[in-house]
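S.K.: sequence and predicted structure below; questions after.
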Amino acid sequence: MQHHDHTSGKAPSESTVEMTNLVLPNDTNQLGNLLGGRLMHWIDIAAALAAMRHSGKVCVTASVDVINFFEPIKLGHVVRVLASVNRAFSTSMEIGVKVFREDPLHGVQVHTSSAYLTFVAIDQYGKPLQVPPIEPASNEDKRRYEEATLRREQRLQTRELLKQARNK
């Protein structure tokens, strides 16, 4: 991996994280389905690793914007969690996470969840630090880069509307 300074951007592929977990009895509810909270934990860790890999800094979760659970994950399934930085703003990064379940005996893969999280790079005093920009390489990178801006605008708009509602 090449070393970068803050002025040059990094491609999302440079900080992509893939975590693989096996669903054990301890991870499931009484129906044998993976607990949502356990999956959220794995998503958060994978996203944190991608953010730290991209920024070279300690990163904390600022918000979990959305987690969609499309399909259940069962006891004995293998869970692949893929996280990558969609876009970096000045001190924050939007991380996109995709979750796949795989039946290890048949090898069939299913996309079960998607999530978007925002992470902030901080120093030892908790003060936000600048992060390098993302330079999208593939068409997929570019699409995710553009969509990240729309989601950020929505987040900021929602925050503003809530602030106005509270001050009434």
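M.R.: All right, it came through fine.

S.K.: quick one: list the elements packing against the helix ranked longest in the chain.
M.R.: Counting by DSSP state H, the longest helix found in the chain is helix 139-166. Using 3 or more CB pairs under 8 Å, 6 or more residues apart in numbering; DSSP states H and E, the elements in contact with helix 139-166 are strand 58-69, strand 78-88, strand 92-102. C-beta: built from backbone N, CA, C; applies to glycine.

S.K.: what residues of it count as buried?
M.R.: The neighbour-count check on helix 139-166 (16 or more other CB atoms under 10 Å) flags D141, R144, Y145, A148, R151, R152, R155 as buried.

S.K.: swap in stretch 87-102?
M.R.: So stretch 87-102, judged by 16+ other CB under 10 Å, has buried residues 87-88, 91-102.

S.K.: work out the gap between it and the centre of the chain.
M.R.: On the basis of CA atoms, centre = their mean, to the nearest Å, the separation between the geometric centre of stretch 87-102 and that of its chain is 3 Å.

S.K.: got the CA positions of that stretch in CSV?
M.R.: The C-alpha trace of stretch 87-102 is given here as CSV (Å, rounded to 0.1, in the frame of the first residue of the first chain):
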residue,chain,number,x,y,z
ARG,A,87,-17.1,9.4,0.3
ALA,A,88,-15.0,11.5,2.7
PHE,A,89,-16.1,14.9,3.7
SER,A,90,-13.7,17.1,5.7
THR,A,91,-13.5,15.1,9.0
SER,A,92,-16.3,12.5,8.4
MET,A,93,-16.7,9.5,6.1
GLU,A,94,-19.8,7.7,4.8
ILE,A,95,-19.2,4.0,4.9
GLY,A,96,-21.4,1.6,2.9
VAL,A,97,-21.8,-1.9,4.2
LYS,A,98,-23.2,-4.9,2.3
VAL,A,99,-23.9,-8.2,4.1
PHE,A,100,-24.1,-11.6,2.3
ARG,A,101,-25.1,-14.9,3.8
GLU,A,102,-23.7,-18.1,2.4
